[in-house]
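**Student:** next input, structure requested:
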Amino acid sequence: MTVNFARWNHILIPTTKAGRDRFRRSAVGRAIRPFAWLYGALSEEGRVLAVATMAVGGFGLDVSATAVYLLWAALAGLLLASLAWSFAYRLEGVRVEVESPRRVTVGEAVTFSITVRDDGSTGRDRHAVRVHGPFLPWDGAWIGRAPRLARIPRAGAIRAELTARFSARGEHHLDPFFATALAPLGLAQGAPASSSGVRFLVVPRIARVVRLSLPEGSRDQPGGVARASRTGESLELRGVRPYRAGDPVRLLHARSSARAGTPVVREYQEEHERRVGVVVDVAPPVSLPRVPFRSGAADARRREAILELAAGVVAFLARGEALLDRLVVQGRVHDLTLGRHLGFLEQALDVLACVDAGAPPVPAARLLACLTPSLTRLSCVIVVAPAWDGGALATSIRAAGAACTTLVVGEGGAPGPGVREVSMKAITRGDALVL
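**Tutor:** Sure, this is the predicted structure:
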């Protein structure tokens with residue numbers, strides 16, 4: 001049995017920014033607001049001392065038999081004194097700005113650059129300032145300690161960094177980052193200066209696809225990518241040949257004509273390109289036996305492996321001479337043009353990052369309907385799926401004149417013609433894949 005303890009620990013905490021804001025406005029959120037303020041007003045050292053104070057207070061309940069209550073009173077007095085001083089250490093005139101990457105890969109460290117800027121309105125330096133990150137969703141974890149700034153000069157700025165790691169795909173919207181100034185005794189901190197929220201995408205890993213043999217289709221598309229200023233179809237030089245009556249004079253090749261002693265012209269042919277469609281289906285195979293608790297974790301691992309393989313296929317096509325013309329993910333069509341120095345791989349990664357984990361299986365008829373408008377211009381289609389569908393989709397694609405290859409991740413059942421099995425372990429380990 002595999003249990004995601006990180007997710008269970010956050011089961012009562014909304015995963016989205018909108019959900020967290022609604023919770024803060026709810027009756028329960030308003031009721032716990034004083035406790036949240038007390039937690040935020042104490043520094044890390046103050047929280048440790050608060051826990052110790054409560055433990056000492058428990059031992060000192062019987063005041064007639066022990067004098068431990070005197071120690072409790074001393075500790076509680078220190079906390080209260082520091083909290084009282086904290087009201088004078090509000091960071092007024094201080095701005096907090098956060099910079100983060102637009103996207104980050106699953107499992108890789110992401111660095112948030114925080115700038116704490118003083119506008120000089122107080123006329124003095126800031127001392128003992130600490131930078132804090134927000135409470136992260138269930139899949140996030142901070143790496144290292146929060147920065148501690150000894151001094152921020154008047155009308156100056158100090159830059160600090162916070163590093164985190166996220167293990168789940170999708171859009172992430174974090175709450176504001178903030179900075180606080182320590183009060184005397186170092187047990188409490190003044191009211192914070194906050195930044196705006198931070199948005200970014202966590203995209204799947206890219207499988208190491210080092211070779212991908214595209215199936216031979218019955219058609220290639222003329223036109224290519226125009227690399228000259230002339231209009232019309234894109235042409236490439238085929239060679240030279242003797243001049244024939246009616247050939248345009250602008251096609252004469254001076255050097256070849258001089259060597260041959262007779263007029264020689266350049267001969268061109270239309271440049272052909274291979275347009276490829278990629279279909280991604282991540283729904284768990286319904287034909288495989290399902291075991292409670294275990295099957296959910298297995299399906300999740302298989303789904304992520306499928307998306308990693310799809311990202312690897314797209315990345316390989318973006319580096320090659322073929323053009324990725326159509327991307328179909330879970331029955332949704334995305335018109336892309338990637339490859340031959342066109343488009344950006346990030347466009348496809350953003351689509352794969354937002355795949356719904358709980359989406360139901362997509363029937364082959366629906367996938368075919370998504371491809372039908374573009375099948376007349378596609379040379380081949382690559383299907384990435386958790387199991388082989390028996391060849392229904394591939395047969396329909398081939399009947400339309402395009403070739404088709406199905407990449408099955410894991411144990412997908414008895415493979416058929418044009419089906420290649422890809423090991424899920426090889427994908428997750430980052431092995432070089434020859435497909």
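**Student:** so where is this structure shaky, pLDDT-wise?
**Tutor:** Scanning the chain with the threshold set as pLDDT under 70 gives 1-9, 216-238, 268-273, 284-297, 338-343, 390, 411-415.
**Student:** outline the domain layout of it.
**Tutor:** Split into domains by automatic domain parsing, the chain comes to 12-87, 89-203, 209-218+273-434, 235-270.
**Student:** surely residue 311 forms part of a helix?
**Tutor:** Yes: counting by DSSP: H, G, I helix; E, B strand; the rest coil, residue 311 falls inside a helix.
**Student:** give me every residue that touches the residue nearest to it when sequence neighbours are not counted.
**Tutor:** Spatially, and ignoring its direct neighbours in sequence, residue 311 is nearest to residue 206 (4.5 Å; C-beta to C-beta, 6 or more residues apart in numbering). Bear in mind the C-beta positions are built from the backbone N, C-alpha and C, glycine included. Counting by C-beta atoms under 8 Å, 6 or more residues apart in numbering, residue 206 touches 105, 308, 311-312, 315, 349.
**Student:** including neighbour count and distance to residue 49, could those residues go into a markdown table?
**Tutor:** Below are the contacts of residue 206 laid out as a markdown table (neighbours: other C-beta atoms under 10 Å; distance: C-beta to C-beta, whole Å):
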| residue | neighbour count | distance to residue 49 |
| --- | --- | --- |
| 105 | 18 | 40 |
| 308 | 24 | 46 |
| 311 | 25 | 48 |
| 312 | 24 | 51 |
| 315 | 18 | 52 |
| 349 | 23 | 46 |
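**Student:** a markdown table for these, including distance to residue 34?
**Tutor:** Formatted as a markdown table, the contacts of residue 206 follow (distance: C-beta to C-beta, whole Å):
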| residue | distance to residue 34 |
| --- | --- |
| 105 | 40 |
| 308 | 46 |
| 311 | 47 |
| 312 | 51 |
| 315 | 51 |
| 349 | 44 |
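**Student:** which one of those residues sits closest to residue 27?
**Tutor:** residue 105 (39.9 Å; C-beta to C-beta).
**Student:** so that closest one touches residue 203, yeah?
**Tutor:** Yes: using C-beta atoms under 8 Å, residue 105 is in contact with residue 203, at 5.8 Å.
**Student:** in the stretch 301-435 of the chain, which spans are strands?
**Tutor:** Assigned by DSSP state E, counting those that start in this stretch, the stretch 301-435 of the chain shows strands spanning 323-329, 332-338, 380-385, 403-409, 419-422, 433-434.
**Student:** and these as TSV, adding mean neighbour count?
**Tutor:** Listed next are these as TSV, based on neighbours: other C-beta atoms under 10 Å:
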stretch	mean neighbour count
strand 323-329	23
strand 332-338	16
strand 380-385	25
strand 403-409	24
strand 419-422	17
strand 433-434	15
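**Student:** export these to JSON lines and append columns for distance to residue 396.
**Tutor:** Shown next, in JSON lines, are the strands of the stretch 301-435 of the chain (distance: least, C-beta to C-beta, whole Å):
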{"stretch": "strand 323-329", "distance to residue 396": "14"}
{"stretch": "strand 332-338", "distance to residue 396": "16"}
{"stretch": "strand 380-385", "distance to residue 396": "10"}
{"stretch": "strand 403-409", "distance to residue 396": "9"}
{"stretch": "strand 419-422", "distance to residue 396": "15"}
{"stretch": "strand 433-434", "distance to residue 396": "27"}
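**Student:** quick one: which of those strands is nearest residue 117?
**Tutor:** That would be strand 332-338 among the strands of the stretch 301-435 of the chain, by C-beta to C-beta, at 40.0 Å.
**Student:** from the contact counts, what lies against the closest one?
**Tutor:** If contacts are counted by 3 or more C-beta pairs under 8 Å, 6 or more residues apart in numbering; DSSP states H and E, strand 332-338 sits against helix 294-319, strand 323-329, helix 345-353.
**Student:** partner residues bridging residue 181?
**Tutor:** residue 129 (DSSP bridges).
**Student:** in stretch 359-376, which residues are buried?
**Tutor:** 361-362, 364, 367-368, 370-371, 374-375 (16 or more other C-beta atoms under 10 Å).
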